[in-house]
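Q: Sequence first, predicted model second:
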Amino acid sequence: MATATTKTPRIAELAEQLLADIEARKLVPGDRYLTTAQTSKLLGVGNAVANRALQLLERRRIITRQQRRGAYIARLPSKESEAGLARVHFLVHQKFLRTEGVGNDGVLIGMQEELPGVHVQISFLPPAEETPFVQRLIHDSLKSGRVDGFVLVRTSCEAQRAIAQSGLPAVVNGDVYPGNAALARVGRDMNAIGELLTDYLLEKGHKKLACFNRQQALPGDQTTIAAISRRLAKSKLLADAITLRFLPADDDVCVAEMVQLLGQPNPPTGLICRTVRMAEAARHVIEDELKPLGDQFDIAVCDYYLRRNDRAEFAYPRPVFSAEEEGRHIARLLSLQTKMSRPKPLEVIIPLELWIPDEVNP
């Protein structure tokens, strides 16, 4: 039997503790509420985390906050969701929560601004029997009579199809497989990723490139690779100007592949990596193998999830939307589907801009 771990995001759990505090103290609209320092002490967390928990209540319109005046109760939480949704399931494999920030605080805060009071939970899909697990979630939702929404992240084609056929509100946070076009989507411009990174390396003077991609290519990966090939063809480079490799998420494999590439006659001097992990493994090889010539080799990455205060070490296409904006778009698409009997395919493409380390960036 397929099993999966389900949890409520930590920031939502902390917000629920604050709601319990409001109820226990019988506070009413207009009453003063806790400062960030007081919230930090109550929850036993740092000021930054406490502030995000208060932000979540603010987005849910439970409190209002004004500079120098503090927080005040705006309204008491309703037991019913204004959007017609009982809960939203993030369906994701656990590794993507860590590496790509799925369900991060910013996305959650943005969603709560549009869907105040809707419970959000993250379900880590089982490594096997993913589709039966998703079908059970669908069955439970339909049987209960409530309306659940689904946010699908890196799920299989079969899981996407099951959600699409259920008729329940759903948004793919990423790319939709061909044949599942009825699903709404919020995702980055994968075509622009290929164009931006290829142009960057060509402008740096590279004539031969390599591209490290995931072993299991997703629809967006195909779009990016096609864009890279078109850009190179437009530059009238030779047919062998790009070397494609589809690799597992394994550092040793990436290292071995990079050693092999550098050992070829006329090796590539520019590398596009699907993930930061691939880029870091490749960089170690370059530093060891090329030594003083290493500064003539450039690496760019397709996707970069940066935590608070992190700085990118490789050129990458940076989303123009903030995580909160992304969350708002996901929530709006879910909400629209509760109000439309036959929703048309809905799509929000996140625009990108090139970020280059060690240069002036906005």
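A: Right, received. Where do you want to start? Numbers count the residues shown, from 1 in each chain.
Q: mind showing which ranges of the stretch 51-200 of the chain have poor pLDDT?
A: Across the stretch 51-200 of the chain, the stretches falling below the confidence threshold (pLDDT under 70) are 78-83, 94-104.
Q: ok, residue 46 - how many residues close by?
A: Neighbour count for residue 46, taken as other C-beta atoms under 10 Å: 10. Using the backbone N, CA and C atoms, a C-beta is placed for each residue, glycine as well.
Q: Tell me the spacing between residue 351 and residue 190.
A: Applying C-beta to C-beta, to the nearest Å, the value for residue 351 to residue 190 is 12 Å.
Q: just residue 42 next, same as before
A: Using C-beta to C-beta, one obtains 43 Å as the distance from residue 42 to residue 190.
Q: and the helix or strand where residue 353 lies, what does it pack onto?
A: For residue 353, the element it lies in under DSSP states H and E is strand 352-355. When contacts are defined as 3 or more C-beta pairs under 8 Å, 6 or more residues apart in numbering; DSSP states H and E, strand 352-355 packs onto helix 190-203, strand 316-319.
Q: Quick one: these as CSV, columns for mean neighbour count and distance to residue 234 too.
A: CSV is the format used below for those (neighbours: other C-beta atoms under 10 Å; distance: least, C-beta to C-beta, whole Å):
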stretch, mean neighbour count, distance to residue 234
helix 190-203, 21, 9
strand 316-319, 22, 19
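Q: Can I get those in CSV including distance to residue 237?
A: Written out in CSV, the entries for the helices and strands packed on strand 352-355 read as follows (distance: least, C-beta to C-beta, whole Å):
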stretch, distance to residue 237
helix 190-203, 8
strand 316-319, 21
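Q: Quick one: closest of these to residue 50.
A: Comparison of these against residue 50 by C-beta to C-beta identifies strand 316-319 as nearest, at 26.8 Å.
Q: coming back round to it: using CSV, write out the CA atom coordinates for the strand holding residue 353.
A: What follows is the C-alpha trace of strand 352-355 in CSV, where atoms were taken according to Å, rounded to 0.1, in the frame of the first residue of the first chain:
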residue,chain,number,x,y,z
LEU,A,352,12.7,35.9,-15.9
GLU,A,353,15.7,38.1,-15.9
LEU,A,354,19.4,37.0,-16.0
TRP,A,355,21.3,37.3,-12.8
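Q: Please identify the residue most distant from the middle of the chain.
A: Among residues of the chain, the one most distant from the C-alpha centroid is residue 265; the distance is 38.7 Å, by C-alpha atoms, centre = their mean.
Q: In terms of helix, strand or coil, where does it fall?
A: Per DSSP: H, G, I helix; E, B strand; the rest coil, the local secondary structure of residue 265 is coil.
Q: list the contacts for it?
A: Residues touching residue 265, when contacts are defined by C-beta atoms under 8 Å, 6 or more residues apart in numbering, are absent altogether.
Q: any idea where the strands of the stretch 51-200 of the chain begin and end?
A: Under the criterion DSSP state E, counting those that start in this stretch, strands of the stretch 51-200 of the chain are mapped to 63-66, 70-73, 87-92, 119-124, 148-152, 170-173, 184-188.
Q: Which other helices and strands does the fourth one contact?
A: In other words, strand 119-124. Applying 3+ C-beta pairs under 8 Å, 6+ apart, one finds that strand 119-124 makes contact with strand 5-7, strand 87-92, helix 94-100, helix 105-114.
Q: and if you look at the last one?
A: For strand 184-188, the helices and strands in contact under the criterion 3+ C-beta pairs under 8 Å, 6+ apart are strand 170-173, helix 323-339, strand 347-350.
Q: and the direction of the second one versus that of strand 87-92, what angle?
A: Read it as helix 323-339. 120 degrees (axes from the mean of the first three to the mean of the last three C-alpha atoms, to 10 degrees).
Q: Let me see the mean pLDDT of helix 323-339.
A: What helix 323-339 shows for mean pLDDT is 90.
Q: before we move on, back to that, residue 31 is nearest to which of the helices and strands packed on strand 352-355?
A: For those, proximity to residue 31 was assessed by C-beta to C-beta; strand 316-319 is nearest, at 38.7 Å.
Q: what's the neighbour count on residue 273?
A: The burial count assigned to residue 273 is 27, neighbours taken as other C-beta under 10 Å.
Q: Write down the beta-bridge partners of it, one by one.
A: Applying DSSP bridges to residue 273 yields these beta-bridge partners: residue 212, residue 301.
Q: Dump the strands of the stretch 51-200 of the chain to JSON lines, plus mean neighbour count and distance to residue 273.
A: JSON lines is the format used below for the strands of the stretch 51-200 of the chain (neighbours: other C-beta under 10 Å; distance: least, C-beta to C-beta, whole Å):
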{"stretch": "strand 63-66", "mean neighbour count": "16", "distance to residue 273": "41"}
{"stretch": "strand 70-73", "mean neighbour count": "18", "distance to residue 273": "44"}
{"stretch": "strand 87-92", "mean neighbour count": "23", "distance to residue 273": "22"}
{"stretch": "strand 119-124", "mean neighbour count": "19", "distance to residue 273": "25"}
{"stretch": "strand 148-152", "mean neighbour count": "26", "distance to residue 273": "25"}
{"stretch": "strand 170-173", "mean neighbour count": "26", "distance to residue 273": "22"}
{"stretch": "strand 184-188", "mean neighbour count": "22", "distance to residue 273": "16"}
